[in-house]
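>>> Here is my input, please return the structure:
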Amino acid sequence: EPGYFKFTLRLNEPVVASGRTVLPAGDVYFNAKIDGGQSGGGDTAGDGGGEKSVRLTAGVATIKRDVKASFLGADYSGIMAEYIVV
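Below is the predicted model:
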């Protein structure tokens, strides 16, 4: 989608803050809005290449949680999932 930067970050370990798990290990999906009216501060690498920085202004981080499911004794866990905005 134009104007948005989408990427996935794989967490090998959970993110813990104040003794509480805030993000479980696994993939975290990011969708951030690019601020089109605000360009970056010139040569960010300092090598004269003129690369411009990009400002991300708003967005969401989403995780996928598998839903445990079974039917007539068969385990269907992993087939169904829900996506949760964190």
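>>> Every contact and neighbour count from this point should use C-alpha atoms.
OK.
>>> measure the most far-flung residue of the chain relative to its centre to Ser18 for me?
Among residues of the chain, the one most distant from the C-alpha centroid is Leu72; the distance is 36.0 Å, by CA atoms, centre = their mean. Computed with CA to CA, to the nearest Å, the distance linking Leu72 and Ser18 is 42 Å.
>>> Quick check: chain neighbours aside, which residue is closest to Ser77?
Spatially, and ignoring its direct neighbours in sequence, Ser77 is nearest to Lys68 (4.4 Å; CA to CA, 6 or more residues apart in numbering).
>>> Regarding that neighbour, what is its secondary structure?
coil (DSSP: H, G, I helix; E, B strand; the rest coil).
>>> Could you report the neighbour count for it?
Lys68 is flanked by 12 other residues according to other CA atoms under 10 Å.
>>> Please apply the same query to Gly59.
Gly59, neighbours per other CA under 10 Å, totals 13.
>>> Nearest spatial neighbour of it, chain-adjacent residues omitted?
Ala32 (4.0 Å).
>>> what packs against the helix or strand harbouring that neighbour?
Assigned by DSSP states H and E, Ala32 belongs to strand 26-39. Other helices and strands packing on strand 26-39, by 3 or more CA pairs under 8 Å, 6 or more residues apart in numbering; DSSP states H and E, are strand 4-11, strand 54-66.
>>> Please compute how far it lies from its chain's middle.
Chain-centre distance of strand 26-39: 9 Å, with CA atoms, centre = their mean, to the nearest Å.
>>> Name every strand pairing with it and say which way it goes.
With DSSP bridges as the test, strand 26-39 is paired with strand 4-11 (antiparallel), strand 54-66 (antiparallel).
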